[in-house]
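Visitor: Give me a 3D structure for the following:
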Amino acid sequence: MATLKAIRRRVSSVRNIQQITKAMKMISAARLRRAQEAAFAARPYAGKLEEVLQNLAQSQTLAHPLLTAREEHNIDLVFITSDRGLCGGFNANLIRTAETFIREHRAQKVTLSLVGRRGFDYFKRRPVTIVEQHINLFGRLTAALAHEIGTRMSQRFLNGETDAVYILYARFRSALVQVPTIDRILPVIAKERSVTDVPLEYVYEPEPQTLLASLLARYIDMLIYRAMLESVASEHGARMTAMDNATNNAVDMIERLTLDMNRARQAGITRELLEIVSTGEALK
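Guide: Residues are numbered from 1 along each chain as shown. Predicted structure coming up:
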């Protein structure tokens, strides 16, 4: 059994860690609320933008290079992780999904565009081509960054450097559930209209071809930005859950250490009493 002094030192250390994990949980909870509101607010806009774009692509005889699907030989994967750790299996689940995607497309050349230090630290030591990385952002993922990535990916697709662009991120469902999700960004595939769908009439201004080019650029940027918002909310949710579990584990550990400390103190008192009684008997 450890000495009483050593147990007290461990109890003090665990209490200090408990205070840190509790503070981190509260910070993540406050940030989660704002990030969750931003992620949920982006969903209706993205859905309506896709609806207008699909209506334009289906109702008009229009063509655009970003709508042209071709055989996939080169694939770009935009991979979003966090910069910090201490968020449970958040990054590990995303990295595992990325590895599965790369294995499934072994016949193609997969190029990574990384957002977040955790993904970069993992793949920089592996035989994977990294075309760009955006690290040390610490959750400050902006629409300007999404536009920068979207413009670069669109240009690579137009130049024939890549045949398809996908994005991998954690879709936020709740503080307990974050789902690794892969969406196709390019080419933008026009969905077939269902028989039951009632076609909506839109009045387009300016001309449909000009509007299509503008909407495509906005749509690609919005897909990337929405994935960033979902990822930030998922990160805070995962960190809040992980820090809550760590705090509860610290409480359990303190209880066990306190019990061991009481046993060690009782054993010390018993030993001292025995020494006193033994000394008294020896002096008789």
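Visitor: contacts, neighbours, all on C-alpha from now
Guide: OK.
Visitor: My guess is Val165 contacts Pro187. True?
Guide: Yes - at 7.2 Å, Val165 counts as touching Pro187 under the criterion of Cα atoms under 8 Å.
Visitor: which of those two has more neighbours?
Guide: Val165 (25 against 20; other Cα atoms under 10 Å).
Visitor: tell me, what residue is most central in this protein?
Guide: By Cα atoms, centre = their mean, the chain has its centre lying nearest to Ser231, at 4.1 Å.
Visitor: Quick check: that one touching Arg173?
Guide: No - in this structure, Ser231 is not within contact of Arg173 by Cα under 8 Å, at 10.8 Å.
Visitor: Are there helices or strands packed against the lengthiest helix in the chain, and which ones?
Guide: In the chain, taking DSSP state H as the definition, the longest helix is helix 208-283. With contacts taken as 3 or more Cα pairs under 8 Å, 6 or more residues apart in numbering; DSSP states H and E, helix 208-283 sits against helix 4-59, helix 143-158, strand 164-172, strand 178-186.
Visitor: immediately after the first one, which helix or strand?
Guide: Towards the C-terminus, the helix or strand next in line after helix 4-59, according to DSSP states H and E, is strand 74-80.
Visitor: Can you tell me what sits against that following strand?
Guide: Residues from elsewhere that reach strand 74-80, judged by Cα atoms under 8 Å, 6 or more residues apart in numbering: 98, 108-116, 119, 161-170, 228, 231.
Visitor: pLDDT (mean, whole number) over it?
Guide: Throughout strand 74-80, pLDDT has a mean value of 95.
Visitor: in its sheet, what does that strand sit against?
Guide: Here strand 74-80 is paired, per DSSP bridges, with strand 109-115 (parallel), strand 164-172 (parallel).
Visitor: what's the angle between that strand and helix 208-283?
Guide: Angle, strand 74-80 to helix 208-283, by axes from the mean of the first three to the mean of the last three Cα atoms, to 10 degrees: 50 degrees.
Visitor: coming back round to it: out of the strands paired with strand 74-80, nearest to Glu281?
Guide: With distances scored as Cα to Cα, the stretch of the strands paired with strand 74-80 nearest to Glu281 is strand 164-172 (73.3 Å).
Visitor: Can you give the contact residues for that closest one?
Guide: 72, 74-81, 94, 98, 153, 157, 178-187, 224, 227-228, 230-231, 233-234.
Visitor: Just the buried ones from these?
Guide: Neighbour-count burial (16 or more other Cα atoms under 10 Å) applied to these gives 74-81, 94, 98, 153, 157, 178-180, 182, 185-187, 224, 227-228, 230-231, 233-234.
Visitor: re earlier: point out the most buried one among the helices and strands packed on helix 208-283.
Guide: Of the helices and strands packed on helix 208-283, the one with the most neighbours on average (mean count of other Cα atoms under 10 Å) is strand 164-172, at a mean of 24.
Visitor: for the stretch 101-250 of the chain, which spans come out with low pLDDT?
Guide: 190-205 (pLDDT under 70).
Visitor: can you rerun that using 50?
Guide: For the stretch 101-250 of the chain, the stretches flagged by pLDDT under 50 are 195.
Visitor: residues in contact with Met261?
Guide: Leu4, Ile7, Arg8.
Visitor: now the second one, nearest residue through space, not along the chain?
Guide: Beyond its immediate neighbours in the sequence, the residue positioned closest to Ile7 (Cα to Cα, 6 or more residues apart in numbering) is Met261, lying 6.1 Å away.
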